[in-house]
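> Next come a sequence and a model predicted from it.
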There are 2 protein chains.
Amino acid sequence: MRDVAIIGVGMTKWGEIWEKSLRQMFVETAYEAIADAGIEKLDGMYVGSMSPGLFVGQEHIGALLADYLGQKNMPAGRVESACASGGLAVKCAFLDIASGNSNIILAGGVEKMTDVSGDGATYALATAADQEYEVFHGATFPGLYAMMARRHMHEFGTTRRQLSHVAVKNHENGSKNPLAQYPFKVTLEGVESSTMIADPLTILDCSPITDGAAAVILADMETAKKVARNNPLVKIIGIGHASDSIALHDRPSLSGLEATRLAGERAYKMSGKTPEDINVAEFHDCFTIAEIIVLEELGFCPKGKGGEFTEACNTHIGGKIPVNTSGGLKSKGHPVGATGVAQVIEITKQLRGECGDRQVEGAKVGLTQNMGGTGASSIVHIMEVL
Amino acid sequence: MRDVAIIGVGMTKWGEIWEKSLRQMFVETAYEAIADAGIEKLDGMYVGSMSPGLFVGQEHIGALLADYLGQKNMPAGRVESACASGGLAVKCAFLDIASGNSNIILAGGVEKMTDVSGDGATYALATAADQEYEVFHGATFPGLYAMMARRHMHEFGTTRRQLSHVAVKNHENGSKNPLAQYPFKVTLEGVESSTMIADPLTILDCSPITDGAAAVILADMETAKKVARNNPLVKIIGIGHASDSIALHDRPSLSGLEATRLAGERAYKMSGKTPEDINVAEFHDCFTIAEIIVLEELGFCPKGKGGEFTEACNTHIGGKIPVNTSGGLKSKGHPVGATGVAQVIEITKQLRGECGDRQVEGAKVGLTQNMGGTGASSIVHIMEVL
């Protein structure tokens, strides 16, 4: 298997972007990544997008975006694993290069969610749950994650206040990220008194509906060393991918995320790293409870202790393991197909030392964890700066 | 790059399958492939599906189908390139194994199209065209391919009768395929007097709306030699993938399929084969005109001569290059995401000598060509029996 490095990253401002179409958002972002890499021509592209069909009535965006990028004729396809689609794009790009089939591949992600037609964004997002056994009976994602939160509180004594700490910390980080959708701070009391969505989760426990795109350029090490401009090379040293039942009721436990645990184990094994080696991480905090459970499943704290661990500021910048320095899905936004790619961008920038006010000093090894549905798909990447 | 072989194939009857859900259809088919391969456990899965979101309101089918297959926790994702989604699944599975990341991968395809809700199957299919510049103005796929047919007739003198020969030959082949949706013969006059859909294309020039699934199991050569039961091993020796503008009006010519030409060139180069070496082929005959143009673009006859070449029976079983021995999309059916995988199944069976009445004697090397939209995505696989 050939070594693969990240040689360029690109991301534009996320939010409610009424003035740009899906293709415009993606192309601007991809150009940034191409310029950052200092290359011109791609060998191919994988685009993660959860449901352009339901959100904007357009499938077949692999070929469409290759054309609009001015790279017509290259191999281009879309990949989907609900909200883990971006992570899957990075994995597929990695394998394409690792196999020797290609040298330079763009892994992108895009979702245009705010001008959805038809049944709306909640319907489109719910198609990531089991349509026949969950959605048919009225389940939505806030409701499903609320059940996970309640169960975690019941089993381990996790508190409402501990959930709030996740939101406060991620908004604090996001306030230093000019590309974030909601770059403002929130308070513990503010989170707890905001609109109730699905008890115990308030609106400030939930990630928002977002328009956005993200792109990274991957290359084999030989090409990377040749073309990389002034950027330090960031090597992808571990990839772990696992699945679980998409219906929450089919799982032995509501308070764990088995696919995340397995994806983590696989990525640690491939990279030869352990949680102690990780200097900075981006987690899939679609809801505050998710970040707490992921901390546990990836071995950063014991099972059931994620709330306490968070409350003790271990996940702050300067703490034991800074999590979601970008602001996470909570503050940065969550254009579902783009999220997994944006996580890889944040870690790449951290490892290159480009994060300014939110830089984790001396970060050498970073991790991303991207998740689909209520955790039925999970993809973990581990990266190291050379 | 490691060598990759096809060690198992599975396909169930295609048609209007009201009594089974998407997950049931897929699982039955995948079990057949697993049994044919003589294995138990998969290392991962890629599922091609164009739009389960629009057709049945369910995204995230990678994890869903892994679970229903009894292989929960394995890495599983969906890939999409409109009607070339199945071909993309095979390509991704190939790269996963070729890279050394996995040993045994299932590449599947599925689409449940007949009980579509919402705006219907024509709307869902049209999302493979350019929504903003084609569909908005009323374009549908029969209309777009009708323009390609008219232009081909204008430039090269291709006749209405020559189009009919494609339909008659493919239904003749399909009548020998018990899994085909429409396993009956048609006549030249029958095609020409059937309902007009988009002049010059009648309903018997068009592939149908179909429910169906297909699955193949790929393995690295070492594993393949260990586990393969009595099946001859079929090696994938070439993969070519290319894209084009998805909007027909953006292309320099309406009468060609540039992405198919490029995908063919890439697959021929990788495999070291030429059109003369190919003994049997499956083409993406979504409309009769498509088969004629693909013949030309893949080098089986000169540009503009596809109609004549077909009329002279060169593509019949026993002819120079038998095309669509399975019945093709025309007679076998076209559950869009499954089609590319089913093409690989037919060629595998031909190379193993298992095609009974429609067997091409002594076939050693075969080719598949799978296409999305009006040809904006094209994926060519070349296979050889060991």
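Here it is on my side, so go on. Residues are numbered from 1 along each chain as shown, chains lettered A, B, ... in the order given.

> Could you list the buried residues of the one helix or strand residue A:331 maps to?
Secondary structure from DSSP states H and E places residue A:331 in helix A:328-332. By 16 or more other CB atoms under 10 Å in any protein chain shown, the buried positions in helix A:328-332 come out as A:328-332. All C-beta spots, glycine's among them, are computed from the backbone N, C-alpha and C.

> wait, doesn't residue A:114 sit right on residue A:19?
No - using CB atoms under 8 Å, residue A:114 makes no contact with residue A:19, being 11.6 Å away.

> okay, those two: which has more neighbours?
Legend: neighbour count by other CB atoms under 10 Å in any protein chain shown for residue A:114 and residue A:19, higher for residue A:114 (16 against 7).

> Who's the closest spatial neighbour of the more buried one, skipping the chain neighbours?
Take residue A:114 and drop its neighbours on the chain: the residue closest to it by CB to CB, 6 or more residues apart in numbering or on different chains is residue A:16, 4.8 Å away.

> Surely that neighbour and residue A:116 touch.
No - Residue A:16 is beyond contact range of residue A:116, at 11.8 Å (criterion: CB under 8 Å).

> Between the two, which has more neighbouring residues?
residue A:116 (19 against 14).

> For that one, list the residues it contacts.
Taking CB atoms under 8 Å, 6 or more residues apart in numbering or on different chains, we find residue A:116 in contact with A:54-56, A:124.

> was I right about residue A:140 contacting residue A:126?
Yes - between residue A:140 and residue A:126 there is a contact under CB under 8 Å: 5.7 Å.

> Which one's more surrounded, the two?
The neighbour count for residue A:140 versus residue A:126, taken as other CB under 10 Å, is higher for residue A:126 (25 against 17).

> Next, the residue nearest to the spatial centre of chain A: secondary structure please.
In chain A, the C-alpha closest to the average C-alpha coordinate belongs to residue A:340, at a distance of 3.2 Å (CA atoms, centre = their mean). Three-state assignment for residue A:340 (DSSP: H, G, I helix; E, B strand; the rest coil): helix.

> just to revisit the earlier point, check the contacts of residue A:116 and tell me the two furthest apart.
A:56 and A:124 (10.0 Å; CB to CB).

> the more surrounded of these two?
Each of residue A:56 and residue A:124 has its neighbours counted (other CB under 10 Å); residue A:124 has more, 25 against 22.

> May I ask you to confirm that that one belongs to a strand?
No - using three-state DSSP, the assignment for residue A:124 is helix, not a strand.

> Work out the gap between stretch A:266-283 and the centre of the chain.
16 Å (CA atoms, centre = their mean, to the nearest Å).

> Look up phi and psi at residue A:216.
phi -130, psi 150 (degrees, to the nearest 10).

> beta partners of it?
residue A:9, residue A:107 (DSSP bridges).

> Could you report the separation of it from chain B?
18 Å (CB to the nearest CB, to the nearest Å).

> pLDDT wise, what is that residue at?
Looking at residue A:216, its pLDDT is 98.

> That one and residue A:155: what is the separation?
38 Å (CB to CB, to the nearest Å).

> Most proximal residue of the stretch 251-386 of chain A with respect to chain B?
residue A:376 (4.0 Å; CB to the nearest CB).

> what number of residues lie near that residue?
33.

> residues contacting it?
Taking CB under 8 Å, 6+ apart, one finds A:82, A:243-246, A:259, B:60, B:63-64, B:67 in contact with residue A:376.

> And the contacts of residue A:116, which is closest to residue A:263?
After measuring the contacts of residue A:116 against residue A:263 - CB to CB - the closest member comes out as residue A:124, at 24.8 Å.

> Which residue, neighbours along the chain excluded, lies closest to that closest one?
residue A:54 (4.0 Å).

> Other residues contacting the helix or strand residue A:46 falls within?
Using DSSP H and E, residue A:46 falls within strand A:44-48. Residues from elsewhere that reach strand A:44-48 (CB under 8 Å, 6+ apart): A:26, A:61-62, A:65-66, A:69, A:71, A:74-81, A:85-90, A:92-93, A:96, A:102, A:105-110, A:337-338, A:340-341, B:241.
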